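Q: give me a 3D structure for the following:
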Amino acid sequence: MRRTGKKFISPIEPLALKWLSLIEFSDEESNRTKLRAQAIRLSNSGYSISQISQICLTTQETVSKWIDGWEKYQFDSLIDKPRSGRTPLIHSERHDEVIDIVKKNPRQLKSAITEIQEKFGKKVSVKTLKRIIKKNCVGVEDGNLSKANAMRTSSGKRKRKLKS
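A: Next comes the predicted model:
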């Protein structure tokens, strides 16, 4: 028996195809989920794994896994599995409270850190605090950070003013 080297999914019913195309062009889904939906639709249309891998800019092994996942789990296979990662020290629901603490005295972040530690029982660094402030779009225009902090670049050096 000769192998053709081609792998296709079982024929998909029209309603499922419509859902796949909705997922593929959705603004709410992740790019990986959209890509998987596209690959499944292409496989249903008769494209080979090598063609799909070229279209999706991925490996043939990955496309093969997507097809196997579809055969086994259908739409559940399109969604990303939870990934490991560090849990945040201060969850985003409590960022407003942190911002309020910083607003009391925006030029003394170390005193804000002490107050945060007392209130939440978590010790955060100045970098973490600045990250929370930046993530919540609080800056010089709101009067919450010193001008020196606003002039710093991501490398920690001050920007030079151009002479005019």
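Q: which stretches of the protein aren't confidently modelled?
A: Scanning the chain for pLDDT under 70 picks out 1-5, 137-164.
Q: and residue 112, how many residues sit next to it?
A: As a burial measure, residue 112 scores 23 neighbours (other Cβ atoms under 10 Å). Every C-beta, even on glycine, is put in place using the N, C-alpha and C of the backbone.
Q: now it: phi and psi?
A: With angles defined as degrees, to the nearest 10, residue 112 sits at phi -70, psi -40.
Q: residue 87 versus that one, what's the distance?
A: As judged by Cβ to Cβ, to the nearest Å, residue 112 and residue 87 stand 22 Å apart.
Q: can you check residue 68 too?
A: 32 Å.
Q: which parts of the helix or strand containing residue 18 are buried?
A: Using DSSP states H and E, residue 18 sits in helix 14-24. By 16 or more other Cβ atoms under 10 Å, the buried positions in helix 14-24 come out as 20, 23-24.
Q: quick one: the helices in the chain?
A: All helices of the chain, identified by DSSP state H, fall at 14-24, 31-44, 49-56, 60-73, 95-104, 109-120, 126-135, 147-151.
Q: distance check, the residue nearest to residue 38 when sequence neighbours are not counted against residue 40.
A: Spatial nearest neighbour of residue 38, excluding adjacent residues (Cβ to Cβ, 6 or more residues apart in numbering): residue 24 at 5.0 Å. Per Cβ to Cβ, residue 24 is found 9 Å from residue 40.
Q: what residues are shared contacts of these two?
A: Common neighbours of residue 24 and residue 40, counting by Cβ atoms under 8 Å, 6 or more residues apart in numbering, are absent.
Q: what's the spacing between residue 21 and residue 71?
A: 19 Å.
Q: number of residues surrounding residue 43?
A: Applying other Cβ under 10 Å, we find 23 other residues in the vicinity of residue 43.
Q: cool, and residue 31?
A: Number of residues near residue 31 (other Cβ under 10 Å) recorded here: 7.
Q: cool, and residue 105?
A: Using other Cβ under 10 Å: residue 105 sits among 11 other residues.
Q: the one 10 residues further on too?
A: Counted with other Cβ under 10 Å, the neighbours of residue 115 add up to 14.
Q: residue 103 is in contact with that one, correct?
A: No - Residue 115 lies out of contact with residue 103 (Cβ atoms under 8 Å); the separation is 11.6 Å.
Q: now do the same contact list for the residue lying closest to residue 42 once chain neighbours are set aside.
A: Once flanking residues are discounted, residue 42 sits nearest to residue 52: 5.0 Å by Cβ to Cβ, 6+ apart. Contacts for residue 52 (Cβ under 8 Å, 6+ apart) come out as 39, 42-43, 63.
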